[in-house]
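Colleague: Got a predicted structure here, sequence first:
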Amino acid sequence: MSLFSLGGGLGSRESGGGGGGVVFDLTPHKIALCQLIHVFAPPAHHILPFPFESVSHHNRLGLLLFSLTRSCEDYLEPPLEDLLNQLKAINNLTYNWFRDHLITDLSSLTSADDLFNFFDKIQSVLVAPDSVNMDGDQIFLDPSSHLGIFLRCCILAFNSLSFEGICHLLTKIGIYCNAISAYELAEEEEFNPDPVLLQTCMQMEEMQRELTDEEVMEAPMFARYTNSFGPETPTGGSSSSSFRIHSSAFNYHGGNNLREEHNLDILRSRWQIEGYLNEQANLLEKNSSSVPLNSLNGVLSHIQKLAPNLHRVKYLQYLNALSHDDFASAADSLHRYFDYSAGKDGLFNRMSPQVPQSGIILGRYEAALLCLGTLHSRFGHSKTALDALTEAVCFSQRNNDDACLTYTLAAICNLFFETGTSRHSIGIIESPHSLGTSTGMGTPSSTQQLLLVLLKRSLKRADSLKLTSLSAHNRLTLAKFDLKHVKRPLVSFGPKASTNLKTCPIDVCRELRLSGRVLTDFGSDNISLLNDSGTFSTSWLKNLATVNNKNMWSIHRNDYDVFNWYLQPSPIPASVLQLAGSSYLLRSTSWEHYGSAPLVRVNALVYATCFADVASSSESSLAYVKLIQHLAVFKGHSEAFSALKLAEEKSSSTSKFQIRLLRLQMLHDRALHRGHLKLAQKLCDDLGDLASSGNGVDMDLKTEASLRQARTLLSSNQFGQAEAVASNLFCSCYKYNMQVENATVLLLLAEIHKKSGNVMLGLPYALASLSFCKAFNLDLLEACATLTIAEIWLALGPGHAKRASYLVHKSLPMILGHGGLELCARANIALAKCYLSDPTFSIITDPSCVLDPLSQAAEELQILEYHEMAAEAFYLIAMVYNHLGMVDEREEAAASFKNHLLSLENANQAEDEELLFY
């Protein structure tokens, strides 16, 4: 979400409306723009004013002027040189006329009377035409248009200036003009050197070598000279200016020294500065590694020095430190922001808070608590964060701050989701008066029900306040809740309605579709107005600088092609697009949850293709992770590692955590398949080291590490230790309401007992896992649990082959349609075993029923380099061929069986080499 919600029109902000004082200062750059607007729309002029060659040329100047008054690419106003370069990019043929005309008019402003006459001339542009005498070919500037409001603000600012302010303005205009004069003079001396001047320069350098240190200080005195600059003024005279050029100016390198010497350090309008800060906040959110901590702090300190009353700078310093995980600096900047501003600048709008009827502004203490809670949540201080957010709820309701209350409720919901708050650690929020209501919420029976109440309350408030982006975010959170939680009645009294203890995929789909309405709602209910951040104008100016070369104009047929050669940004704000993209990413996660691999891939591809420009680094990495995981499961490790290498090159340093986590997971899977158990154990330890040591923090990562630890112990036949790890993990998942993960843990316990020889002990765990899968609609995991139950029945003897065959055939459609290589191979081997164990089945009658699934399984397992299961598949194939009397095929299968066994036996040597490489 953006740092500032940019909204409103230019006039209300920059003419002093909306509180906060006048934020529109008259500067030389704005006077230059006024002069260009006068050229663009001279009063009562017919057809095309001079010197425009075509309507497109005239329109391009209008676009330039509009963009210059809206762009937020910098916080300082550009020098005259940059403005002239932009005019040159508009049309090179008329550049000389624009340059001479602009410099002449600016240099003629030498007194207060000149400024008065200038603005009197500018005011004539805004005179409304008489509707009776208006000609259809005449050009008039609408006073209510953006450029019209800009002119009116400039005129108002001039009329508000004191005599001292007018004198300061005249001085700045002189420096503004002299800067371009000095730059052009140095440029002429670089590219068109005068022989006499060069000889003088060489003599001066020889003299400087002979001077002492005291004499060197007087050497620049010899380099003074006077030069007349600019064309003749309208009165026939000339405007001359005397300035000093040091001898170092002859060693010219781009004129940077001169431009720094004449830099006025004039800030842009407050609206543009806030837009610039907003752009930096978006960069921090998208890729914080591209914004160095000290570099941005230096820029913000400069802005703070030039505009001490702009307290939002301190808030951006807080975000900068937060993005770079600097807790001390983040907390200090946050305290400074609220100490200096009392939060009166606001966080959710750019206008001052409304003054209550009592005439006393209480400030934004609740906003400070919200930020403090977010800060502690970011660094894993869940209990402290919950205390701050709970207090923010109370103060928001006490001060009738509905927007802050809604955001705080959403933050509490995120805290519960991200930190995995225990069912026994609800704390102060469980009390009847914890949310500031007179009646209280009651005492929910679990954190799950409390979370549902908070989600619905936050969504209702966001809809009533027409906070569209927050409403979309809440719907995404509600979809995430419906994905992993079974809804139960919120009251424990009254008539009992029939309760279906299952999740509802239809509810998840509905919330995801409703969250996408943030795009359709954009443009209505003033949403587009509130998000007009100047990004489009900023990008237009950057593209204008890009096409400012001779070759670009020659390769296109018309100027429309030139200005559309580089794509312009979407007019929809990045924060809105991020929410729309998040819905696709959550759709991918939900289909992964339900077990539809094609839809997981499709939604991840849509996100990576359509929303890559606005995606944050973490979300982009998540999309890459899903696509690479799909490759690993369905194409094998080789293709997955090739894609992973590309993702590592493309990802930023801040997003490399997810990529590194994926690499460890893939390496662990490959190590188990190859039988490299020492390497697998080391990878498990590295996974566990990535998680935080705090209770209730990084629960997903801790669960993943424990699952892989148990699987590693199972592969090394340490059944007792594997069961202990899995049992502890089940207790932890139950404590933190991770019911979906419990289904996987129960299935793992069934696998442990099945392989340890205690087959009947594994059956209850498999059945319990099957019940969890049905409750949470985990279709693929349900098929996997059904397959495990079938394998248990097979292990009990040939008498249960019919029942096992029924269960395998029941799970095959889901497994073959959506399962990966390993799961499909396992199902094919189980199917072949069912046929081989059935006393009524004859191999000689229909050998393809056994050979086809076994051959398919062997091929898939060889892609995965899963030596143990591949050896089992080839052993069964050799047994079938032996029974059929096919000696050559039997020997070939036996040789493959032997190769895989040798690979397992020689795993230690290969593992040592891989450990050394790792």
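Modeller: Cool, the structure landed. None of these values were measured; they are calculated from a predicted model.

Colleague: drop to CA atoms for contacts and neighbour counts, all remaining ones
Modeller: Will do.

Colleague: How is C72 assigned, secondary-structure-wise?
Modeller: coil (DSSP: H, G, I helix; E, B strand; the rest coil).

Colleague: Next, the contact list for it, please.
Modeller: By Cα atoms under 8 Å, 6 or more residues apart in numbering, the contact set of C72 is 272-273, 275-276, 279, 534-535, 537-538.

Colleague: Likewise for N91?
Modeller: Under the criterion of Cα under 8 Å, 6+ apart, the contact partners of N91 comprise H57.

Colleague: Ok, L483 next?
Modeller: L483 is in contact with 503-505, 508, 590, 776, counting by Cα under 8 Å, 6+ apart.

Colleague: And it, which helix or strand is it part of?
Modeller: Of the helices and strands defined by DSSP states H and E, L483 is found in helix 468-484.

Colleague: Using TSV, lay out the contacts of L483 together with distance to L405.
Modeller: Output for the contacts of L483, formatted as TSV (distance: Cα to Cα, whole Å):
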residue	distance to L405
T503	29
C504	29
P505	30
V508	25
S590	29
F776	32
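
Colleague: mind putting these in JSON lines, secondary structure, pLDDT and neighbour count included?
Modeller: As requested, the contacts of L483 are arranged in JSON lines below (DSSP: H, G, I helix; E, B strand; the rest coil; pLDDT from 0 to 100; neighbours: other Cα atoms under 10 Å):
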{"residue": "T503", "secondary structure": "coil", "pLDDT": "84", "neighbour count": "20"}
{"residue": "C504", "secondary structure": "coil", "pLDDT": "86", "neighbour count": "18"}
{"residue": "P505", "secondary structure": "helix", "pLDDT": "88", "neighbour count": "16"}
{"residue": "V508", "secondary structure": "helix", "pLDDT": "90", "neighbour count": "21"}
{"residue": "S590", "secondary structure": "helix", "pLDDT": "92", "neighbour count": "22"}
{"residue": "F776", "secondary structure": "coil", "pLDDT": "91", "neighbour count": "24"}
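
Colleague: Now do L902: how many residues are near it, please.
Modeller: 13 (other Cα atoms under 10 Å).

Colleague: before we move on, what about F416?
Modeller: 19.

Colleague: pretty sure K626 is touching R601, no?
Modeller: Yes: in this structure K626 lies within contact range of R601 using Cα atoms under 8 Å: 7.4 Å.

Colleague: can you list residues touching both of the two?
Modeller: Here K626 and R601 have no joint contacts, going by Cα under 8 Å, 6+ apart.

Colleague: chain center to stretch 371-388, what's the gap?
Modeller: Distance of stretch 371-388 from its chain centroid, counting by Cα atoms, centre = their mean, to the nearest Å, is 21 Å.

Colleague: that older thread, so which of the contacts of C72 is surrounded by the most neighbours?
Modeller: Neighbours were tallied for each of the contacts of C72 (criterion: other Cα under 10 Å), and the maximum of 27 neighbours falls on G275.

Colleague: Just the element for it, please.
Modeller: Taking DSSP H and E as the definition, G275 sits inside helix 270-286.

Colleague: Tell me the helices and strands packed up against the strand or helix carrying A680.
Modeller: When secondary structure is defined using DSSP H and E, the element that contains A680 is helix 677-690. Taking 3 or more Cα pairs under 8 Å, 6 or more residues apart in numbering; DSSP states H and E as contact, the helices and strands that helix 677-690 lies on are helix 656-674, helix 699-715, helix 907-917.

Colleague: Make JSON lines out of the ones you listed and add distance to L807.
Modeller: Output for the helices and strands packed on helix 677-690, formatted as JSON lines (distance: least, Cα to Cα, whole Å):
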{"stretch": "helix 656-674", "distance to L807": "26"}
{"stretch": "helix 699-715", "distance to L807": "25"}
{"stretch": "helix 907-917", "distance to L807": "35"}
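
Colleague: Select, out of those helices, the one closest to A893.
Modeller: Comparing the helices and strands packed on helix 677-690 by their distance to A893 (Cα to Cα), the top pick is helix 656-674, with 19.5 Å.

Colleague: can I get the helices and strands packed on helix 677-690 in TSV with distance to K484 and mean neighbour count?
Modeller: What follows is the helices and strands packed on helix 677-690, written out as TSV (distance: least, Cα to Cα, whole Å; neighbours: other Cα atoms under 10 Å):
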stretch	distance to K484	mean neighbour count
helix 656-674	22	20
helix 699-715	13	21
helix 907-917	38	13
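
Colleague: Need the per-residue pLDDT for the residue sitting nearest the centre point of the chain.
Modeller: The centroid of the chain falls nearest to S616 when counting by Cα atoms, centre = their mean (1.8 Å). The predicted structure scores S616 at 80 on the pLDDT scale.

Colleague: hang on, it packs against A281?
Modeller: No: shown here, S616 and A281 do not form a contact pair, counting by Cα under 8 Å, at 11.5 Å.

Colleague: what angle sits between the helix holding A680 and helix 656-674?
Modeller: Orientation of helix 677-690 against helix 656-674 (axes from the mean of the first three to the mean of the last three Cα atoms, to 10 degrees) gives an angle of 160 degrees.

Colleague: Flag every buried residue along helix 677-690.
Modeller: Neighbour-count burial for helix 677-690, counted by 16 or more other Cα atoms under 10 Å, picks out 677-684, 687-688.

Colleague: Tell me where the stretch 351-500 of the chain is predicted with low confidence.
Modeller: By pLDDT under 70, the weakly predicted segments of the stretch 351-500 of the chain are 351-363, 418-447, 487-500.

Colleague: Now L267, what are its backbone angles?
Modeller: Note on L267: backbone dihedrals following degrees, to the nearest 10 are phi -70, psi 150.

Colleague: what's the pLDDT at the closest residue to it other than its chain neighbours?
Modeller: Nearest residue to L267, sequence neighbours excluded (Cα to Cα, 6 or more residues apart in numbering): L76, at 4.5 Å. Reported pLDDT at L76 in the predicted model: 83.

Colleague: okay but L76 is in contact with Q272, surely?
Modeller: No: look at L76 against Q272 with Cα under 8 Å: they stay out of range, at 9.5 Å.

Colleague: surely R601 meets S590?
Modeller: No: with contact defined as Cα under 8 Å, R601 and S590 do not form a contacting pair (11.7 Å).

Colleague: give the contact list for Q862.
Modeller: Remark: with contacts taken as Cα under 8 Å, 6+ apart, Q862 is in contact with A870.

Colleague: Mind pulling the model confidence for E164?
Modeller: According to the model's per-residue confidence, E164 sits at a pLDDT of 91.

Colleague: swap in G694?
Modeller: With respect to pLDDT, G694 has a value of 69.

Colleague: Stretch 283-299: end-to-end distance?
Modeller: Terminal residues of stretch 283-299 are spaced 15 Å apart (Cα to Cα, to the nearest Å).
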